[in-house]
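Chemist: fold the following and give me the result.
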Amino acid sequence: MGDYVLVLSTTDKNLHNFVSKRIVDSGQTVSQFDHPEITGHAAFIIATPKELIRKEAEGWGFLKRDEKGYKREYLDAQHDLFEPPYTSQGKVKSLFSPSEASYITHELLKRVKINEVPDFFPRSKSGVHPSDSMILALERVEMVKCWPLHCSVEERGVAWQLGPLKRSSCDHIEHYFGSNVSLYFAWLTNYIVWLIMPAVAGFAVFVYHYIHPEINVDNSLVSPIYTFLIIIWGVLFVNSWDRKCASHVCDWGINQVKWRQEVRSGYVGRKRISPVTGMPERYFDPKERLFRYCISACVTLFMLVLAFSVMVISLNLQGYIHKFSYSKNYLLYPTISWLCDEGQYLDPTGKGPMPFVLLYIPVIFHVVIIQVLNKIYQVVAINLTNWENHRSPTQHENALYVKRFFFEAFDCYIALFYLAFIENDIVLLRRELVSLYTVDSIRRLATETIIPHLTRKVTRAISKEEENTNCNERIGKDYDKDHYEQFDDYLEMIIQIGYVTLFAGAFPLAAPLSIICNVLELYSDVFKLTYITRRPIVHRITNIGVWSLLVKGIVLLSVFTNLYIFCFTSEQLMTLAPSLFEVIPLEAEEALKSGSDHVHVIADGAGMIVATVMMSLEHVILFMVAVIWITAPDTTPSVDDEIARREYSKFLATHGTGSVGGISLMSMDNTTLKDLTTTVEETATEDARLKSS
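Modeler: Residues are numbered from 1 along each chain as shown. Just a heads-up that it's a prediction; the model follows:
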C-alpha cells in the first residue's frame, strides 16, 4: 500500500549491499528485483511493516476517526478504538490510507542515516557526513531515483470512476495521492463552481451586444457593470477558497507542524547545531542567497527582454503596430510590417491571398514562440533556483514557481497590456485576447484531453492486464512513465483567471468558455494521474502555497487594469461624460489599420478631472476589497470548533486533566463528573434539536 521503488544508478555491489542493509536496519523490508527495462541499475522494493506504520503514525500525530465519529490523535495502544476511513477500498479495510502509508515510508527513507561513511560511498560537492540522510546524499549526486509504487487499478481508479466533479472525489484523491494533489483538484472544482455566476453574466452581456449591434465593448455601459461584478467576484472567490481549503484540511485531519521542516536533497552548506532541535544540520548564509537573488533577477530580466522582442515582432506581423500607432517611432519595423499592408500576405482585413490561412500565421507564430521561450526559461529557472540553494522543498518550489509564473505570465499578457495601455485600442485588445485565448485553449484541449482520451483506449486494455500482473511487471511499467508536474496545471488556470479578470469588459465570453475547458481539464488531469504518470510523492500540505497569493495579486491588479480601460482605453467614460473628451475622425487608411473610424482624446483642461475620477473609483473599489478580505473569516465556525475540540482532546490526552467553568476535572468525584457529563450530553441533544427545527 505504501511500497516504494528505489533505483540505484550504479553496478557497485558494495553500494547495493550498504544501501539495502541501512534500510533494513531502520525497520523496513527490502527486496531486490531485476527487470529487462531497468538494466545496469540496482532496483529495490521498499515496504514498511504495519506495526512500524502504526508507531510512526502516533509519532507524527496523525488524526484518525474514533468510534464516536470524532477525529483525534492516533494512539497505537488504542488501535482498536479507531475506524478505517470510509474511502478505503477492497475487502480489507485499512486504518491508514495509501497516501498516509506512502508518506510514512518516504519519511522513514529520508531518516536513514549513513552513520559510517565507507570508501565506496559517492561524495557530494559539499562532502558527506555520517549524520546525513543516505537517500538525500545519493539524490545530491544523482545516483538514485525513488518514487511510490502504484496500488491496484481498483484502488487508484476510484476518483476517475466516480467522476472528478463528485463531492467525494477530492476525498478519494486525498486518500490515494495525498493533500498536495487533492488540494489542486479541490481548488479547480471550487473555481469551476464559482465561474457559473460570471459565466451567466458574461453570456448575458454578449447577448445584449448581439441584440444591439450599434453597441460594442468600446462604448457599452453594460461592460463597466460586468467588470465591477468580475472584480468583486474575484475577491469573493479568493476568500471562499480560504474557507474551503481550511474545511478540506480539517476533514482530512492534516496538522501543520512548523518545526518539522523537510531538507531538500540539493541543499548544501556548512555544518552547525540547530538552534531549534539541537541536532546537527546544514546551514547556508541568507546574505549570500540574497546576492544570488540579484543575479537571478538580472538573468530573468534578460530573458524578458527576449520575450518582449518576440512580442514586438508578433504585433508588427499582425498589423497592430503601424505608421499611425502611438509607438511608431520606436516599435515599428517596416521590414516586416509591410506584410500587413492592404492586399499583402498578412492583411488583417482579409484582402490578401489565402486570408483564411495566412491571417492566423502570426498568432500561431506568437503562441509557438511563447512555448519555446517558456521551455528555455524553464531550464534556466531550474538552474537558477538550484543555485539559490533553498533549504526546504517548499521554499525551493515557491521560488521556482514565482520565476516561471512571472516569465510565462509576461509572455501571455505583454501584448494585451501593450494594446490596452500604449495603443489605447480596445478593439485590437479584444481581437488579440480572443485569438490568444482560442489558440491556447485549442492547444490545451489537444495535448491534455484529446491525446489522453486516445491514450485511454490503449490504457484500458493495459489496466486490465495490470490487475493480473505481478509487482515486478508493474514496476517496469512505472519506470517508463513520466514524473507528474503540477506546475503546468496550476499555471494554466492562473493565466486563465487573468484572461477572465484583467480585461473583463473586452472579452465577456471568457468565463462561460472557461467552464467548458476546465471541466475537460479536470477529467484529463485525473486520468493523467491515474494511468499516465508515476504516482507522485505524498506531501501533507495545508494550503496551495504561493498560487493563492498569485491569484490575489491578479485580482488586485484587475482593479487598475479595468479602471484604466474604462477611463482611457475605451469610450465608456466618454459615453457617460462626453464633455471631458474630444472625438477626432481618422483618415481612411488610418481607420483601416485601427479598426475604428475615430479616436477619442481627453479634452483640454479635463485631464485632471479624468485622473481624479479614476483615482476616486480606484480608492472606493480597493476599500471594498479590503473590507471584504478583512471582515470575511478565513474559516467557518464549524472548522474553528473542530480545531478547538482537537486541541482540547490533545490537552486531556497529554496532561490527563482539564477544567470546565474553572473547575478542575481531576478534583471532581465520580458523581459530580457523571452529572457534568450528563448535562453536557443533554445540552448537545437540545442544540441538535433546535438546529434541526
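Chemist: all strands for this structure, in order.
Modeler: In the chain, the segments counted as strands under DSSP state E are 4-8, 29-33, 42-47, 63-65, 71-73, 144-148, 270-273, 280-283, 581-585, 598-602, 659-660, 663-664.
Chemist: nearest to A409, of these?
Modeler: Among those, the nearest to A409 by CB to CB is strand 598-602 (29.4 Å). Quick note: C-beta positions are derived from backbone N, CA and C, even for glycine.
Chemist: so what's the residue nearest to F44 when sequence neighbours are not counted bridging to?
Modeler: Nearest in space to F44, with sequence neighbours left out and distances taken as CB to CB, 6 or more residues apart in numbering, is L6 at 4.5 Å. With DSSP bridges applied, L6 shows beta-bridge pairing to F44, C146.
Chemist: my guess is L6 contacts F33, does it?
Modeler: No - if you go by CB atoms under 8 Å, L6 and F33 don't touch, sitting 11.0 Å apart.
Chemist: give the intersection of the neighbour lists for these two.
Modeler: With contacts taken as CB atoms under 8 Å, 6 or more residues apart in numbering, L6 and F33 have 43-45 as neighbours in common.
Chemist: list buried residues within those.
Modeler: By neighbour count, with 16 or more other CB atoms under 10 Å, the shared contacts of L6 and F33 hold 43-45 as buried.
Chemist: what does the pLDDT read for A591?
Modeler: Looking at A591, its pLDDT stands at 61.
Chemist: how about low-confidence regions in the stretch 351-500 of the chain?
Modeler: Low-confidence segments of the stretch 351-500 of the chain (pLDDT under 70): 355-359, 448-477.
Chemist: what ranges does it have for its helices?
Modeler: Under the criterion DSSP state H, counting those that start in this stretch, the stretch 351-500 of the chain contains helices at 355-358, 361-388, 393-417, 426-445, 451-466, 471-479, 486-501.
Chemist: do the same with the stretch 201-350 of the chain
Modeler: In chain order, the stretch 201-350 of the chain shows helices spanning 222-252, 286-317, 334-337, with DSSP H, counting those that start in this stretch as the criterion.
Chemist: what about I584, how many residues nearby?
Modeler: Neighbours of I584 under the rule other CB atoms under 10 Å: 9.
Chemist: need the shared contacts of L6 and F33 in CSV with distance to C146, can you?
Modeler: Below are the shared contacts of L6 and F33 laid out as CSV (distance: CB to CB, whole Å):
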residue, distance to C146
A43, 11
F44, 9
I45, 11
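Chemist: wait, what's in contact with the residue nearest the centre of the chain?
Modeler: When the chain is reduced to its mean C-alpha position, the closest residue under CA atoms, centre = their mean turns out to be Y490, at 3.4 Å. With CB under 8 Å, 6+ apart as the criterion, the residues that contact Y490 are 184, 401, 544, 547.
Chemist: please tell me how far it sits from K166.
Modeler: Computed as CB to CB, to the nearest Å, the Y490 to K166 distance reads 22 Å.
Chemist: then Y4?
Modeler: Going from Y4 to K166 by CB to CB gives 30 Å.
Chemist: and for K287?
Modeler: Using CB to CB, K287 is found at 51 Å from K166.
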